[in-house]
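Student: Structural data only, the sequence is not supplied:
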(Lines give C-alpha, C1' and ligand atoms only; values in the text may rest on other atoms or scores of the structure.)
Protein backbone atom coordinates (compact mmCIF):
# COMPACT_ATOMS: atom_id res chain seq x y z
CA UNK A 1 0.00 0.00 0.00
CA UNK A 2 1.48 3.33 -1.03
CA UNK A 3 1.24 6.61 0.90
CA UNK A 4 -1.67 7.97 -1.16
CA UNK A 5 -3.72 4.81 -0.67
CA UNK A 6 -3.20 4.97 3.07
CA UNK A 7 -4.12 8.68 3.31
CA UNK A 8 -7.18 8.27 1.08
CA UNK A 9 -8.27 5.28 3.16
CA UNK A 10 -7.99 7.27 6.39
CA UNK A 11 -10.06 10.09 4.92
CA UNK A 12 -12.70 7.68 3.63
CA UNK A 13 -13.00 6.24 7.14
CA UNK A 14 -13.40 9.77 8.54
CA UNK A 15 -16.21 10.27 6.05
CA UNK A 16 -17.96 7.16 7.34
CA UNK A 17 -17.15 4.92 4.39
CA UNK A 18 -16.82 1.39 5.68
CA UNK A 19 -13.98 -0.77 4.44
CA UNK A 20 -16.28 -3.79 4.58
CA UNK A 21 -17.71 -2.71 1.22
CA UNK A 22 -15.88 -3.41 -2.04
CA UNK A 23 -16.65 0.18 -3.01
CA UNK A 24 -14.18 1.37 -0.37
CA UNK A 25 -11.29 -0.17 -2.32
CA UNK A 26 -12.72 1.11 -5.60
CA UNK A 27 -13.10 4.66 -4.26
CA UNK A 28 -9.59 4.54 -2.88
CA UNK A 29 -8.16 3.34 -6.19
CA UNK A 30 -10.13 5.93 -8.15
CA UNK A 31 -8.86 8.85 -6.08
CA UNK A 32 -5.30 7.50 -6.18
CA UNK A 33 -5.39 7.15 -9.97
CA UNK A 34 -6.55 10.75 -10.23
CA UNK A 35 -3.82 11.92 -7.86
CA UNK A 36 -1.18 10.07 -9.87
CA UNK A 37 -2.34 11.28 -13.27
CA UNK A 38 -4.20 14.59 -13.58
CA UNK A 39 -5.12 13.79 -17.20
CA UNK A 40 -7.67 11.27 -15.89
CA UNK A 41 -9.66 14.13 -14.34
CA UNK A 42 -10.74 15.18 -17.81
CA UNK A 43 -11.82 11.70 -18.82
CA UNK A 44 -15.28 10.31 -18.19
CA UNK A 45 -16.02 8.47 -14.98
CA UNK A 46 -16.70 5.40 -17.08
CA UNK A 47 -13.07 5.51 -18.26
CA UNK A 48 -11.95 5.36 -14.62
CA UNK A 49 -14.45 2.64 -13.78
CA UNK A 50 -13.21 0.53 -16.69
CA UNK A 51 -9.61 1.02 -15.63
CA UNK A 52 -10.38 -0.06 -12.07
CA UNK A 53 -12.58 -2.95 -13.26
CA UNK A 54 -9.63 -4.40 -15.19
CA UNK A 55 -7.53 -4.38 -12.05
CA UNK A 56 -10.24 -5.92 -9.85
CA UNK A 57 -11.47 -8.34 -12.52
CA UNK A 58 -15.08 -7.16 -12.58
CA UNK A 59 -17.28 -4.86 -14.68
CA UNK A 60 -17.39 -1.07 -14.75
CA UNK A 61 -21.08 -1.29 -13.73
CA UNK A 62 -20.01 -3.20 -10.64
CA UNK A 63 -17.45 -0.50 -9.81
CA UNK A 64 -20.01 2.30 -10.25
CA UNK A 65 -22.68 0.53 -8.20
CA UNK A 66 -20.35 -0.34 -5.33
CA UNK A 67 -18.97 3.19 -5.12
CA UNK A 68 -22.51 4.59 -5.12
CA UNK A 69 -23.50 2.19 -2.34
CA UNK A 70 -20.57 3.31 -0.18
CA UNK A 71 -21.40 6.96 -0.65
CA UNK A 72 -25.12 6.41 0.03
CA UNK A 73 -24.48 4.38 3.20
CA UNK A 74 -21.90 6.78 4.61
CA UNK A 75 -23.57 10.09 3.81
CA UNK A 76 -26.12 9.98 6.66
CA UNK A 77 -23.54 8.73 9.17
CA UNK A 78 -20.92 11.41 8.76
CA UNK A 79 -21.04 14.61 10.81
CA UNK A 80 -21.68 18.01 9.32
CA UNK A 81 -18.30 19.24 10.61
CA UNK A 82 -16.44 16.49 8.78
CA UNK A 83 -18.29 17.17 5.53
CA UNK A 84 -17.62 20.89 5.91
CA UNK A 85 -13.92 20.31 6.64
CA UNK A 86 -13.38 18.02 3.65
CA UNK A 87 -15.78 19.44 1.08
CA UNK A 88 -16.22 23.02 2.28
CA UNK A 89 -19.06 24.89 0.67
CA UNK A 90 -19.01 22.72 -2.45
CA UNK A 91 -21.45 20.24 -0.90
CA UNK A 92 -24.61 20.86 1.04
CA UNK A 93 -24.86 18.30 3.82
CA UNK A 94 -28.65 18.45 3.96
CA UNK A 95 -29.03 17.69 0.26
CA UNK A 96 -29.25 14.19 -1.11
CA UNK A 97 -26.07 12.20 -1.37
CA UNK A 98 -23.56 13.58 -3.84
CA UNK A 99 -23.05 11.83 -7.13
CA UNK A 100 -20.06 9.55 -7.48
CA UNK A 101 -18.33 12.13 -9.64
CA UNK A 102 -18.95 15.00 -7.19
CA UNK A 103 -17.77 12.94 -4.25
CA UNK A 104 -14.63 11.71 -5.99
CA UNK A 105 -13.68 15.09 -7.47
CA UNK A 106 -14.13 16.80 -4.12
CA UNK A 107 -11.90 14.19 -2.47
CA UNK A 108 -9.32 14.83 -5.17
CA UNK A 109 -9.48 18.59 -4.58
CA UNK A 110 -9.12 18.06 -0.83
CA UNK A 111 -5.89 16.11 -1.36
CA UNK A 112 -4.52 18.50 -3.96
CA UNK A 113 -5.03 21.57 -1.81
CA UNK A 114 -4.14 20.06 1.57
CA UNK A 115 -0.81 18.44 0.72
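Tutor: Received it, and whenever you're ready, just let me know what you need. For clarity, every value in this text was computed on a predicted model and none was experimentally measured.

Student: Just checking, which helix or strand of this protein averages the lowest pLDDT?
Tutor: Sorting the helices and strands of the chain by mean pLDDT, DSSP states H and E puts helix 80-87 at the bottom, at a mean of 81.

Student: residues of that helix that come out buried?
Tutor: Within helix 80-87, the residues scored as buried using 16 or more other C-beta atoms under 10 Å are 83, 86, 87. For glycine as for every other residue, the C-beta is placed from the backbone atoms N, C-alpha and C.

Student: Against residue 103, how distant is the first one?
Tutor: When you say that, I think you mean residue 83. Remark: distance between residue 83 and residue 103 (C-beta to C-beta, to the nearest Å) = 11 Å.

Student: quick one: what helix or strand has residue 70 in it?
Tutor: When elements are assigned from DSSP states H and E, residue 70 belongs to helix 60-75.

Student: Which positions within that helix qualify as buried?
Tutor: Going by neighbour count (16+ other C-beta under 10 Å), the buried part of helix 60-75 is 60, 62, 63, 64, 65, 66, 67, 70, 71, 73, 74, 75.

Student: that older thread, let me know the closest of the buried residues of helix 80-87 to residue 36.
Tutor: Of all the buried residues of helix 80-87, residue 86 has the smallest distance to residue 36: 20.2 Å, by C-beta to C-beta.

Student: Kindly provide the distance from the closest one to residue 57.
Tutor: The value you get for residue 86 to residue 57, if C-beta to C-beta is used, is 31 Å.

Student: Check residue 88 too.
Tutor: 36 Å.

Student: and the two? which has more neighbours close in?
Tutor: In this view residue 88 and residue 57 are compared by other C-beta atoms under 10 Å, and residue 88 has more residues nearby, 12 against 7.

Student: show me where the chain has helices.
Tutor: 3-14, 22-36, 45-56, 60-75, 80-87, 100-113 (DSSP state H).

Student: Least confident of those helices, on average?
Tutor: The weakest mean pLDDT among these belongs to helix 80-87, with a mean of 81.

Student: chain center to that one, what's the gap?
Tutor: Helix 80-87 sits 15 Å away from the centroid of its parent chain (C-alpha atoms, centre = their mean, to the nearest Å).
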